[in-house]
Every structure is written in structure tokens, then in C-alpha cells.
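J.: no sequence on hand, only this structure:
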Ligand code: 0X9
Ligand code: ZN
């Protein structure tokens, strides 16, 4: 298999989520984080294992968003692989990771775009909403309601990549998902997966200013990257702000979550690849790296209290 094709369309991922929730009905359930323009659900998995016989323990929430850009196929695949690690690994570091958090994991938050990239245009990035002038889609990582429309954003609905939408949260995907996230109490970690740059980003993406816990975010992020490095001896760049390492971009999910919800630990991982075509054979190594990176991330966060 040269590409992930036939392996992991959104319906395959959703079938997998349904399947594992049936295997662990006490602590794994399919959750709906929102819906799409074409009527698909943004489905994810909640994993919340019992503590001392309490079936609904109040743990800090770890949220994973992936696949907001349709063509970045390694993100949904890696996230699905990571879910499988959490559910099946006997490694004590992994079971501890699983048990420590109330997980909300969404492998494909732009399901229409993802589907379209499978069936029609491999390089599709945006949503699939119809604009007034007949062009289709907005960049869902430019559409969130924080400093909307300023950097790396287009106001042209026909822009293939960077149309920010007609207004903040014009897209049903970002509107519904942001409302789902707002209703989470105790959100500690928010992690987004993109590709491909092998890079770890911290807020904000539209400014070179460092936020109050920037030093902690970098310290924790560095440990995460060290853990990832141990798997395949590949070191990601960063951690740093997008403005300093990549380019300024506004209207992204990470900045909104940090600014509006005050979530302490917010990261964007740009996964690896040499193009958006990254063969399916790479999923396990990328997945193992991400598992280790999540272990490092949470371990160091604990150390810093
Ligand atoms: O431009 C983007 O949205 C991301 N890069 S990508 O090549 N995957 O498109 C960078 C996102 C970093 N910024 C925010 N998360 N706001
Ligand atoms: Zn992306």
C-alpha cells in the first residue's frame, strides 16, 4: 500500500471506535464532538478508566484534535494508532498514561474534507461548505474566533488553502467542536496533530510574544521530543511559537483554546513526512513516536506540578 488509501477512511475509523467501545463498555465510549456541513458526525472516543471502583472519576481531561486539515492523512492514522496503544498496551508507562486522564480523542475533526481528499482531490485541505460565490470550503484552522483573519488567512472563498471563512466560526465543524470543548470542565491538555514538518508548536501562532507559562510549555515539550527521539532517533524541531518557527497564522484552534478557555497545556504537533503522501507502512513508527511523546509530555508536566 503506497498510501493509506482503503485503509482508514472516516467510516473505517468510526467503525474501529464503535468496535473498541463495545469491547470496553465500562470505560470507553463513542462521543460526538460536533457535526459537519455534509451531515457527518465528528466522532471520537472517550476513555475514562475507573479509580477505586468509581466508574466516573473526575480526572483532568486530555483532548486530542486531529485531521483538521483534510490532506494530512498521517494525523488521523497516528491518532487511531495511539488510541489502539492506549487500549491494548501492557507497558506500565502506557497504562499509567491511559489511567491518568479523562481522554477525549477525535481522529478526524474535518470528516467531509477528509472524505473528499480520499475520493476526489488528494490535496484538499478545507471544509466542504458552499460559499455565496460558488466556491467551496474554508480552512478550519483559520476559522476560530480569536484574532480571526489576520495572518496567513485569505478572504477569497476560492483560495484553495487559506480562506478563513465568511466570519469567525462560519464553519459548522469549528462552531460545534468549539462548543463541545467549552463544555469540558477540567481541561488540562489540548493537543492537535497536523503534518508534515516534524515540529512542535506552542501558543500563540500569530505573535512572537511569549505567554506566561511559555518556559514551562517549552520544558515539557522538550521532554516530549526527547521521548519521541528515543523511538527512531528522529528529533522534531521546536518547541516554539509558530511565529518564530514556521509563519504567523491566526484563527487556529490552539490559539482559541488557550485564549478563550485558558487551557494551561496546549500544543500542536506537526508530524513527520516528506509529503502528504506518507506510506501506510510509516504509521506504526509514527504512532510509536507519538505514544512516547505523550508519555514524555505528561511525565514532565507532573514533575513541574
Ligand atoms: O498552517 C497551519 O494551520 C499549520 N500548519 S499546516 O502545514 N499543517 O497547515 C500550523 C498551525 C499552527 N498554528 C495554529 N495551530 N494556530
Ligand atoms: Zn495542518
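T.: Cool, got the structure. What you see is a predicted model; the values in this text were computed from it and never measured. Ligands and ions are numbered 1, 2, ... in the order given.
J.: dump the residue contacts of residue 179.
T.: Residue 179 is in contact with residue 34, counting by Cβ atoms under 8 Å, 6 or more residues apart in numbering. Any C-beta I mention is one placed from the backbone N, CA and C, and that applies to glycine too.
J.: flag every residue of the stretch 151-300 of the chain that's near ligand 2.
T.: Neighbours of ligand 2 within the stretch 151-300 of the chain, by Cβ under 5 Å from the ion: residue 194.
J.: element containing the residue in the stretch 1-150 of the chain positioned nearest to ligand 1, please.
T.: Minimum separation of the stretch 1-150 of the chain from ligand 1 (Cβ to the nearest ligand atom) falls at residue 141, amounting to 3.9 Å. Per DSSP states H and E, residue 141 falls between elements, in no helix or strand.
J.: so which residues of the protein form strands?
T.: Per DSSP state E, the chain carries strands over the ranges 28-35, 41-47, 61-66, 102-106, 187-195, 199-202, 237-241, 265-271.
J.: paired strands for the longest one, with orientation please.
T.: Same thing as strand 187-195. Looking at strand 187-195 with DSSP bridges, its partner strands are strand 61-66 (parallel), strand 265-271 (parallel).
J.: hmm, the first one touching ligand 1?
T.: No: applying Cβ under 6 Å from any ligand atom, one finds strand 61-66 separated from ligand 1 by no less than 9.6 Å.
J.: show me the contacts for residue 108.
T.: Residues counted as contacts of residue 108 (Cβ under 8 Å, 6+ apart) are 10, 13, 42, 66, 67, 76, 114.
J.: show the pLDDT at it.
T.: You'll see residue 108 listed with a pLDDT of 98.
J.: residues touching the closest residue to it other than its chain neighbours, list them.
T.: If the residues on either side of it in the chain are set aside, residue 108 comes closest to residue 67, at 4.0 Å by Cβ to Cβ, 6 or more residues apart in numbering. Residue 67 sits next to 75, 76, 79, 106, 107, 108, 109, 110, 111, 114, 193 when contact means Cβ under 8 Å, 6+ apart.
J.: so in terms of bridging, what pairs with the nearest residue to residue 104 once chain neighbours are set aside?
T.: Excluding the flanking residues, the one nearest residue 104 by Cβ to Cβ, 6+ apart is residue 63, at 4.9 Å. Beta bridges link residue 63 to residue 104, residue 190 when assigned by DSSP bridges.
J.: I am finished for the moment; much appreciated.
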